[in-house]
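Participant: Dropping a prediction and its sequence here:
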Amino acid sequence: VSETVYLDHAATTPLRAEAFAAMEPFLTEKFANASSIYRPAQQARAALDEARDSVAMSLGARPADVIFTSGGTEGNNAAIKGSAFAGRERGRHIVTTAIEHHAVLHPVEELVERFGFESTIVGVSADGLVDVGAIDRAVRDDTVLVSVMWANNEIGTVQPIEQIAQITSSRGVPLHVDAVQAAGAIRIDLASVPVDLLTVSAHKFYGPKGVGALVVRGGTPWWPLLAGGGQERNRRAGTENVAGIAGMATALRLAVEERVELHERLRSLRDSLLGGILERIDGVRVNGALTSRLPGNLNLSFDRVHGESLLVALDLAGIYASSGSACTSGSTEPSHVLLALGIDQKAAQGSLRLTVGRENTADEMRRTVDVLDRVVRRVRSVAPVGVA
Amino acid sequence: MMFSDIVLDHFQTPRNVGEMDNADAQAFVENPVCGDRLQLWITVRDGRIGAASWRADGCAAAIAAASVTSELVRGMELSEAGALQRETVIEALGGLPARKAHAAALAVAAVRTAVQTYDGREHDEERE
């Protein structure tokens, strides 16, 4: 198969041409260290300032609150550990949810296991939505941080962050939001939503890999993760990735500008993909709410089919997607997100994540339905019969 | 791609699929942890496996292992088939990632179970 179909935009997105163009000078002739004092270095410094203003504007944040990072994992680790350490005199309790990315759950576990913190992991409804009341009930007098993702990476569900932020702000507890999947896809305006810390990653909105931003609202109790040189006003040491930062700023600005139009187009592509699948293939269920969901996300379970078999067959047909589980060393490691929805092990094994992006076409959706139909039939045709 | 061309070929074009009406023995084995399941049927002629067929669900490696094993054991003496090793199946597949070795182990367990079932029945008949 010569023509491939990329349907894994939740994993990463291709770098858009405008972002690459914004990066190129800083990868070639404008290589100077932004902390040096000669004129070429001042050009790099100016590019950083401009990027900071642009990223801040795209998120409704103050430029002074924007800290450039290496991406989502660093942003989440810095937000969580930085808030926990800075708040440890006030208390040692953290609230988060069962469907967070591992870049949130594992730092929280680390704080519990090595640093004497306690955590409350709030569950979600069967369609993958966080109950605002459950967050309110989980907050205690000694809670130093609440961390809830804006949109889920596996099932695309969008959480009621506005309502959660009202609760945390009225209770006086800092709120961190992992917006890695949300940035560029849904409206984020920190000027009107009292989120205290927010993580974004450039490669999820057609920017480069290895760069992101952490917004820390002024006055939030927080310590930097990385100590060293005085970069980012002593909040994130390390020579600035000027090219990456310039690329991210451009990609985020364009994503925000095009958001409404792209949202409609992605939802239409996603819905035609889902419609085609449901029409042609039986024994399919959608995981997670279809409303309050990222427009490009589809997460499906296929009866009597292993998700990993589907991925291999799709790959051979030139279609690139992801699964919620991997069958390794004789054990299946089902997705913690699907298990949190109460989906049984077997259905979690049959799960497939298809995430649509800006370069996909209606024709690609039709071809994907054709291939999936064929593959599911073939895999089911060799399955055992007459056994439970 | 994490899989060999042989694994992909057997996954895409599985051999000897389906139940057998005239089987001399069959087996149903399951990996309770990862949920892979394999049904195997064999015919026996003069102490050797005549033909083998199967049905399976599981990951791509599990399907390929079942398919390649059904070819591997054809014409094999029962004693040899009963002593089949996981490594032999892995070799016939052109290799498997280490974390997928359980797929070959399941196919081997099915062959052994089928041979033991057949042997058990043979002995019952001798006693009669």
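Facilitator: Looks like it came in fine. Numbering: from 1, shown residues only, chains lettered A, B, ... in the order given.
Participant: Now do the contacts for A:His306.
Facilitator: The neighbourhood of A:His306, defined by C-beta atoms under 8 Å, 6 or more residues apart in numbering or on different chains, consists of A:327, A:349-350, A:379, B:57-60, B:62. Using the backbone N, CA and C atoms, a C-beta is placed for each residue, glycine as well.
Participant: my bad, A:Ser322
Facilitator: A:8, A:10-11, A:311, A:352-353, A:355.
Participant: Redo the contacts of A:His306 as a markdown table? Include secondary structure.
Facilitator: Converted to a markdown table, the contacts of A:His306 look like this (DSSP: H, G, I helix; E, B strand; the rest coil):
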| residue | secondary structure |
| --- | --- |
| A:Cys327 | strand |
| A:Gln349 | helix |
| A:Gly350 | coil |
| A:Val379 | helix |
| B:Asp57 | strand |
| B:Gly58 | coil |
| B:Cys59 | coil |
| B:Ala60 | helix |
| B:Ala62 | helix |
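Participant: Of those, which is the most crowded?
Facilitator: A:Gln349 (31 neighbours; other C-beta atoms under 10 Å in any protein chain shown).
Participant: Can you lay out the contacts of A:His306 as JSON lines showing distance to A:Ala134?
Facilitator: What follows is those, written out as JSON lines (distance: C-beta to C-beta, whole Å):
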{"residue": "A:Cys327", "distance to A:Ala134": "33"}
{"residue": "A:Gln349", "distance to A:Ala134": "28"}
{"residue": "A:Gly350", "distance to A:Ala134": "29"}
{"residue": "A:Val379", "distance to A:Ala134": "38"}
{"residue": "B:Asp57", "distance to A:Ala134": "37"}
{"residue": "B:Gly58", "distance to A:Ala134": "37"}
{"residue": "B:Cys59", "distance to A:Ala134": "36"}
{"residue": "B:Ala60", "distance to A:Ala134": "39"}
{"residue": "B:Ala62", "distance to A:Ala134": "39"}
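Participant: export these to TSV and tack on pLDDT and distance to A:Tyr38?
Facilitator: Conversion of the contacts of A:His306 to TSV gives the following (pLDDT from 0 to 100; distance: C-beta to C-beta, whole Å):
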residue	pLDDT	distance to A:Tyr38
A:Cys327	64	56
A:Gln349	79	59
A:Gly350	78	60
A:Val379	91	62
B:Asp57	89	66
B:Gly58	88	63
B:Cys59	88	58
B:Ala60	92	57
B:Ala62	94	62
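Participant: any chance you could map the helices in chain B?
Facilitator: With DSSP state H, the ranges of helices along chain B come out as B:5-12, B:60-72, B:78-82, B:86-92, B:101-127.
Participant: Show me which residues of the fourth one are buried.
Facilitator: When neighbours are counted by 16 or more other C-beta atoms under 10 Å in any protein chain shown, the buried residues of helix B:86-92 are found to be B:86, B:88-90, B:92.
Participant: Next: stretch A:225-238.
Facilitator: So for stretch A:225-238, counting by 16+ other C-beta under 10 Å, buried means A:225-226, A:231-232, A:235-236.
Participant: Between those residues, which sits nearest chain B?
Facilitator: A:Leu225 (32.5 Å; C-beta to the nearest C-beta).
Participant: Looking at the contacts of A:Ser322, state which has the most neighbours.
Facilitator: A:Ala10 (27 neighbours).
Participant: quick one: contacts for the closest residue to A:Gly116 other than its chain neighbours?
Facilitator: Ranked by C-beta to C-beta, 6 or more residues apart in numbering or on different chains and with sequence neighbours excluded, the top spatial neighbour of A:Gly116 is A:Arg92, at 6.1 Å. Neighbouring residues of A:Arg92 by C-beta under 8 Å, 6+ apart: A:84, A:115-118, A:142, A:144.
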